[in-house]
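Asks: Make a model of this:
(one chain, ligands or ions: 1)
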Amino acid sequence: MEVRRRAPLPPPPGRAVRRITGRQIEGLPLDGFDYASILGQCCELPVGYVQLPVGIAGPLLLDGQRFYVPMATTEGCLVASTNRGCKAIAESGGAVSVVLRDGMTRAPVARLPTARRAAELKAFLEDSVNFNTLSMVFNRSSRFARLQGVQCAMAGRNLYMRFSCCTGDAMGMNMVSKGVQNVLDYLQDDFPDMDVISISGNFCSDKKPAAVNWIEGRGKSVVCEAVIKEDVVKKVLKTNVQSLVELNVIKNLAGSAVAGALGGFNAHASNIVTAIFIATGQDPAQNVESSHCITMLEAVNDGRDLHISVTMPSIEVGTVGGGTQLASQAACLDLLGVKGANRESPGSNARLLATVVAGGVLAGELSLLSALAAGQLVKSHMKYNRSSKDMSKVIS
Ligand code: ADP
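Replies: Numbers count the residues shown, from 1 in each chain. The predicted structure is shown next:
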């Protein structure tokens, strides 16, 4: 007779932590955390939690709204510096942003018997005649997933198919992966000789520096700009327009070119991106591409004022799913007015969050560049909380 085994029931959340660890790690807090909210979703084998301080920069005056920007960081001066940038922006009338594109990508790789056959599949996927059918199959994955297009690349007989879709307020990796799986299953009928090697073939490209994200975008592509008035540059930023423009050319443009940078034409975008990502429950590993940024500075109004912009083609954020539903991260999203799903206009919360990230980066760029131009950076760190040996970490 067949003996049917029942899978053991998961232990109650509180006990699971203790049972798994067997002992508490000294200095790592265990109590006071809602393990039920993470088990089976966000973290396995939990042994406690790491505490991070959250500071607030702002108000960031962006597109006519005031945002108080939560930043989780242990880097001294970062919040203060971003706050100074916010002040300069607000005193100059605010920043303006535009979302150029909103689409998450996933690129499976399949091997075909020959390169010619791979090219046939490429032609099929890229033929506009087939788009309606492909999107019907793809969009079954979720009521929010809407296929935007497929871009293909080949390496010999391997075909990389970069599917792009909007994902509502979710960052969207799960959603797009499910849609891609639907299409791959569908394609097997017409291309039975297609051998799917991996649902991700790295042409996506997730959590790795890659030109495809820099050029084509991934997640939200955002530009944010402001004109900083001459007197604000002088009084708040303690420098002048000409020095800032020159510094930006020599450091962020020429210096990054000398370094062979990929998406790194900025002073420290990743500082702000990562601090906001951690505070708001984003996937911090996606700071790699989300921090791609080119910072441009120009003198305007007969050289008196400063035009500054940040262009960030791949900000990957969501306000539902992942870590966003955890209590403290949800509180930070709520502070920005973008908690959860936007019912009237799905995707608006996530797009608004992306513009806040870009606005925060604009403020951060403005402040750090000013500190460098004025030669103040070391002084300000000494004044706040740093010993000189720590300086290498903050001069980005
Ligand atoms: P991700 O795709 O970012 O990994 P999930 O797989 O958790 O995130 O997908 C988000 C979930 O939230 C889906 O089940 C989706 O149906 C649900 N959802 C509810 N409202 C929205 C919304 N406005 N936008 C996107 N997803 C939403």
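Asks: For this structure, which helix extends over the most residues?
Replies: Using DSSP state H, we find that the single longest helix of the chain is helix 348-373.
Asks: Which of the three states applies to the residue of the stretch 51-200 of the chain found nearest the ligand?
Replies: Per Cβ to the nearest ligand atom, residue 168 is where the stretch 51-200 of the chain lies closest to the ligand, at 2.4 Å. (Glycine included, C-beta is placed from N, CA and C.) In three-state terms, and counting by DSSP: H, G, I helix; E, B strand; the rest coil, residue 168 is coil.
Asks: The closest residue to the ligand within the stretch 201-350 of the chain - how many residues pack around it?
Replies: Closest contact between the stretch 201-350 of the chain and the ligand, by Cβ to the nearest ligand atom, is at residue 321 (2.7 Å). When neighbours are defined as other Cβ atoms under 10 Å, residue 321 has 20 of them.
Asks: what's the spacing between residue 294 and residue 143?
Replies: As defined by Cβ to Cβ, to the nearest Å, residue 294 lies at a distance of 36 Å from residue 143.
Asks: ok, now residue 132?
Replies: 18 Å.
Asks: what's the answer for residue 220, then?
Replies: With distances taken as Cβ to Cβ, residue 220 is found 20 Å from residue 143.
Asks: neighbour count winner among the two?
Replies: Taking other Cβ under 10 Å, residue 220 and residue 143 do not tie; residue 220 has more neighbours (28 against 9).
Asks: Hmm, residue 317 and that one touching each other?
Replies: Yes: at 6.8 Å, residue 220 and residue 317 qualify as touching, with contact defined as Cβ atoms under 8 Å.
Asks: Find the residues that touch each one of those two.
Replies: 350, 354 (Cβ atoms under 8 Å, 6 or more residues apart in numbering).
Asks: thinking again about what came up before, list the beta-bridge partners for the residue nearest to the residue of the stretch 201-350 of the chain closest to the ligand when sequence neighbours are not counted.
Replies: Of all residues not flanking residue 321 in the chain, residue 170 sits nearest, at 4.6 Å (Cβ to Cβ, 6 or more residues apart in numbering). For residue 170, the beta-bridge partners are residue 320 (DSSP bridges).
Asks: neighbours around residue 170, how many?
Replies: Count around residue 170 with other Cβ under 10 Å applied: 25.
Asks: Report the contact partners of it.
Replies: Contacts of residue 170 (Cβ under 8 Å, 6+ apart): 144, 318, 320-321, 350.
Asks: What ranges does the stretch 251-396 of the chain have for its helices?
Replies: Taking DSSP state H, counting those that start in this stretch, the helices of the stretch 251-396 of the chain run over residues 256-258, 269-279, 287-290, 327-335, 348-373, 377-384.
Asks: could I get these as CSV with distance to the ligand and mean neighbour count?
Replies: As requested, the helices of the stretch 251-396 of the chain are arranged in CSV below (distance: least, Cβ to the nearest ligand atom, whole Å; neighbours: other Cβ atoms under 10 Å):
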stretch, distance to the ligand, mean neighbour count
helix 256-258, 31, 12
helix 269-279, 14, 26
helix 287-290, 14, 26
helix 327-335, 13, 18
helix 348-373, 7, 27
helix 377-384, 37, 15
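Asks: Dump those to a markdown table, plus mean pLDDT.
Replies: Formatted as a markdown table, the helices of the stretch 251-396 of the chain follow (pLDDT from 0 to 100):
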| stretch | mean pLDDT |
| --- | --- |
| helix 256-258 | 98 |
| helix 269-279 | 98 |
| helix 287-290 | 98 |
| helix 327-335 | 98 |
| helix 348-373 | 98 |
| helix 377-384 | 65 |
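Asks: of all those, which lies closest to residue 299?
Replies: With Cβ to Cβ as the measure, helix 348-373 is the member of the helices of the stretch 251-396 of the chain nearest residue 299 (13.3 Å).
Asks: quick one: strands adjacent to the strand or helix carrying residue 148?
Replies: If you go by DSSP states H and E, residue 148 is part of strand 146-155. Applying DSSP bridges, strand 146-155 is found paired with strand 158-166 (antiparallel).
Asks: Could you pull out the buried residues of the helix or strand following the partner strand?
Replies: Moving toward the C-terminus from strand 158-166, the next helix or strand (DSSP H and E) is helix 173-190. Within helix 173-190, the residues scored as buried using 16 or more other Cβ atoms under 10 Å are 173-184, 186-187.
Asks: Could I get the buried residue list for the helix or strand just after helix 173-190?
Replies: Going down the chain from helix 173-190, the next helix or strand is strand 195-198, by DSSP H and E. Under the neighbour-count criterion of 16+ other Cβ under 10 Å, strand 195-198 has residue 196 buried.
Asks: what distance separates strand 195-198 from the middle of the whole chain?
Replies: Centroid separation for strand 195-198 versus its chain: 28 Å, with Cα atoms, centre = their mean, to the nearest Å.
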